[in-house]
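S.K.: Quick one, structure for this:
(chains A and B)
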Amino acid sequence: MLDARFIRENIETLKKALEIRAYDIDLSGFLGMEQERLVLLKESEELRNKRNVVSDEIGKLKRQKQQTDELVAEMKGVSDRIKEIDEVLKGIEEKTRLFLLNVPNMPHESVPVGKDETENVEMRKWGDPKKFDFEPLNHWDLAETLGIIDFELGAKIAGARFSLMRGAGARLERALMNFMLNLNTSKGYEEVFPPLLVNRESMTGTGQLPKFAAELFRTIDPEFYLIPTAEVPVTNIHRDEILREEQLPVYYTAYTPCFRREAGSYGKDVRGLIRQHQFNKVELVKFVKPEDSYVELEKLTADAEDILRKLGLPYRVIVLCTGDMGFSSAKTYDIEVWLPGQNKYREISSCSNFEDFQARRANIRFKREGKKGTEFVHTLNGSGLAIGRTLVAVLENYQQKDGTVIVPEALREFMGMDLIK
RNA sequence: GGAGAGGUGGCCGAGCCGGUCGAAGGCAGCCGCCUGCUAAGCGGUUGUGGGGGUAACACCCCACCCAGGGUUCGAAUCCCUGCCUCUCCGCCA
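M.R.: Modelled structure (predicted):
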């Protein structure tokens, strides 16, 4: 969420930002709405002041057993008037709030301008796509032959876009999770395991609601939302808090299952593990001081990359252009891993700096030593990494001609085997 | 699920027969004084958001005693609803 006062004073800046983000939001009514709000607010406050003063007076007169009927009658009128104004004010404030919740974040100046994913910019590449002396298989063929992932059972038990992993497949999933958590915690991230169902406030705090309700699973009674990413519960750890300056930066890492409706992605990645309603992910989340957030974004991205390097998986890093960025983000790097079975790079991590956008929604602030007032922190997060897709990458990159899969060095202690056959 | 108790400032904790309460007191913290020995004592000070104001401070006003409604000239205090916490019983991994 952006600051109402900021928009009031920088409406042209916002207009340009929305344009390059390819967001069509009507800003015309906003200034008038704000003006009306401020006028009413002032009137309401002045009347309250009068009521406070006179009510005080009434108290004093009563103690002296003096006549107060006239004043009481007058104040009754004042109170009624306040009530009227406040009702109108409330309506305007609600409209303002809804408006603000639907305005996306503004891109950082370093973000390339572009209309869609075709204009994203590659930053760097690591590793060379492996050459195979045979035709590499898709992970779903590979996994089904090995008997380690069963998509039909997933469909039988739950439905499309679900799968069941067994034996070495389930083991590999767990190995990846442990490997990633161990690595992340060794870099100073505190491991947390949060609730997987959250309330509406948490979803609003990180920006999923109200705009993206269609992408969420939810329970009916009582109402909860299944998290689409650990970003939601972990960022909300500090909702409505004022942190001390010396507490920052705060780093968290969390393994969680994630649940996504994937509405509107019919026909996309229907086969395999790439796009599931339920998948596992290890997430990295940071709370930092504003002046540090862009350095922290580089470090966070590097931490995610490190996982791929240690696994020996080739990847590239791209920066998303203005037209392709997520709603809450000011700058996003995607890390894409090489998948020989598909002969292309696929997203495996998305690392974003939200600046104070989420912090304002979730009311996460900090206080500088010796300074008056508070400031919003900057929040960042990134996958480190999506486990299902990492598993896909391992299978496809480490497959052999006979259909077996070599276990990457880094995973062997967790797998207790060096070959999946 | 049943029966009780409770949610107050960074923390502890008064107030809760409505007005003198942004809220006693203590602790912690900060500033200063005093004291020659890690301590104690004394005085002062310390919340957040919004609106106005200023070159910037200062300052003024409004709101906030879990949240949302209600009663009243006036509510931390009374009433209703919700959320959360604790205790006991039941049930359960």
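
S.K.: Which strand residues bridge A:Phe287?
M.R.: A:Val250, A:Thr379 (DSSP bridges).

S.K.: what residues are up against it?
M.R.: By C-beta atoms under 8 Å, 6 or more residues apart in numbering, the contact set of A:Phe287 is A:238, A:243, A:248-250, A:359, A:364, A:377-379. Bear in mind the C-beta positions are built from the backbone N, C-alpha and C, glycine included.

S.K.: Check whether A:Lys268 really touches A:Arg161, as I assumed.
M.R.: No - A:Lys268 lies out of contact with A:Arg161 (C-beta atoms under 8 Å); the separation is 10.5 Å.

S.K.: which residues do those two both contact?
M.R.: A:Arg275.

S.K.: just curious, which of the contacts of A:Phe287 is nearest to A:Glu117?
M.R.: A:Thr379 (24.2 Å; C-beta to C-beta).

S.K.: got the contact list for that closest one?
M.R.: A:235, A:285-288, A:354, A:358-359, A:364 are the contacts of A:Thr379 under C-beta under 8 Å, 6+ apart.

S.K.: And the pLDDT at it?
M.R.: For A:Thr379, the model assigns a pLDDT of 95.

S.K.: how close does it sit to A:Tyr23?
M.R.: As judged by C-beta to C-beta, to the nearest Å, A:Thr379 and A:Tyr23 stand 21 Å apart.

S.K.: circling back: what about A:Lys268 and A:Arg161, which has more around it?
M.R.: A:Arg161 (21 against 9; other C-beta atoms under 10 Å).

S.K.: Leaving out the residues flanking it, which one is nearest to that one?
M.R.: A:His277 (4.5 Å; C-beta to C-beta, 6 or more residues apart in numbering).

S.K.: The one you found contacts A:Ala155, doesn't it?
M.R.: No - counting by C-beta under 8 Å, A:His277 stays clear of A:Ala155, with 11.1 Å between them.

S.K.: Report the set of residues contacting both of those two.
M.R.: A:Phe162.

S.K.: higher neighbour count, those two?
M.R.: Neighbour comparison, A:His277 and A:Ala155: the larger count goes to A:His277, with 18 against 14 (by other C-beta under 10 Å).

S.K.: Report pLDDT for that one.
M.R.: 95.

S.K.: likewise A:Ala4?
M.R.: 89.

S.K.: what do you get for A:Phe212?
M.R.: Value listed for A:Phe212 in the pLDDT field: 88.
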